[in-house]
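Chemist: predicted model, plus sequence, below.
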Amino acid sequence: MKHKTSDLSFEPSESLPRKRMTFGRAIRYQLLKFVRIRATPNAIGIGVATGIFAAFLPLVGVHMALSAALAWMFGGNMIAAVATTVLVGNPITYPFIWAAAWEAGQMILGSNAKSMGTIHLHEMVHKLSFGELWAPILKPLLIGSIPLGVIGGAVGYFVMVQAVTIFRARRQARLSAR
């Protein structure tokens, strides 16, 4: 029995509604992209850890190169490192990351912003006076970003290694059940 092509009409716009891309779906999609990378779970985890660490550093413009270099140095996956840097460090998350890093740096240094007097950030940035920016802003930001980046990287490493291991075990079980 042969099928006629005229009998098999398919119009995707009518029969299959397009699913909305919600925030949860977007996160799941990105996670699936990571676990499908052809590398060991350890290499993917190291890549994710170095990407998170680099995203926390206030070295704007060199995040991706730094994460790839660190991933290469520690034997991680460079694609996972760069992708994580872009996902974690972006214009939406930077204000939160930098505020937390500055506060952590203030705590580590034992300094108090109120004791420094009023900081006119706009004027300092306009003059580009690095010396004036260093002590009240850049030093606490840099020092505070290191422990936060290490903690975030460690959490990212363990979460990603577990996710890749679980995903691959489930996939293997599905394939062997066929």
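Modeler: Structure's in. What do you need? Numbering: from 1, shown residues only.

Chemist: residue contacts, residue 58?
Modeler: By C-beta atoms under 8 Å, 6 or more residues apart in numbering, residue 58 lies in contact with 98, 101, 138, 141-142, 145. Where C-beta positions appear, they are placed from N, C-alpha and C, glycine not excepted.

Chemist: CA atoms of stretch 24-39 as PDB?
Modeler: What follows is stretch 24-39, C-alpha atoms only, in PDB (Å, rounded to 0.1, in the frame of the first residue of the first chain):
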ATOM      1  CA  GLY A  24      13.300  27.700  33.400                       C
ATOM      2  CA  ARG A  25      13.300  26.400  29.900                       C
ATOM      3  CA  ALA A  26      16.200  28.600  29.000                       C
ATOM      4  CA  ILE A  27      18.200  27.400  32.000                       C
ATOM      5  CA  ARG A  28      17.400  23.700  31.200                       C
ATOM      6  CA  TYR A  29      18.400  24.300  27.500                       C
ATOM      7  CA  GLN A  30      21.800  25.800  28.600                       C
ATOM      8  CA  LEU A  31      22.400  23.000  31.100                       C
ATOM      9  CA  LEU A  32      21.700  20.400  28.300                       C
ATOM     10  CA  LYS A  33      24.200  22.100  26.100                       C
ATOM     11  CA  PHE A  34      26.900  21.700  28.800                       C
ATOM     12  CA  VAL A  35      26.200  18.100  29.600                       C
ATOM     13  CA  ARG A  36      26.400  17.200  25.900                       C
ATOM     14  CA  ILE A  37      29.900  18.500  25.400                       C
ATOM     15  CA  ARG A  38      32.200  15.600  24.400                       C
ATOM     16  CA  ALA A  39      34.600  15.700  27.400                       C
END
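
Chemist: on that earlier part again, out of the contacts of residue 58, which comes closest to residue 25?
Modeler: Lowest distance from residue 25 to the contacts of residue 58 (C-beta to C-beta) belongs to residue 98, with 28.5 Å.

Chemist: using the three-state scheme, assign residue 58.
Modeler: Following DSSP: H, G, I helix; E, B strand; the rest coil, residue 58 is assigned to coil.

Chemist: just give the nearest non-adjacent residue to it, would you?
Modeler: Using C-beta to C-beta, 6 or more residues apart in numbering and skipping the chain neighbours, the partner closest in space to residue 58 is residue 141 (4.8 Å).

Chemist: packing partners for the strand or helix carrying that neighbour?
Modeler: Element membership of residue 141 [criterion: DSSP states H and E] is helix 139-177. Packing contacts for helix 139-177, counted by 3 or more C-beta pairs under 8 Å, 6 or more residues apart in numbering; DSSP states H and E, involve helix 23-35, helix 41-56, helix 78-88, helix 94-109.
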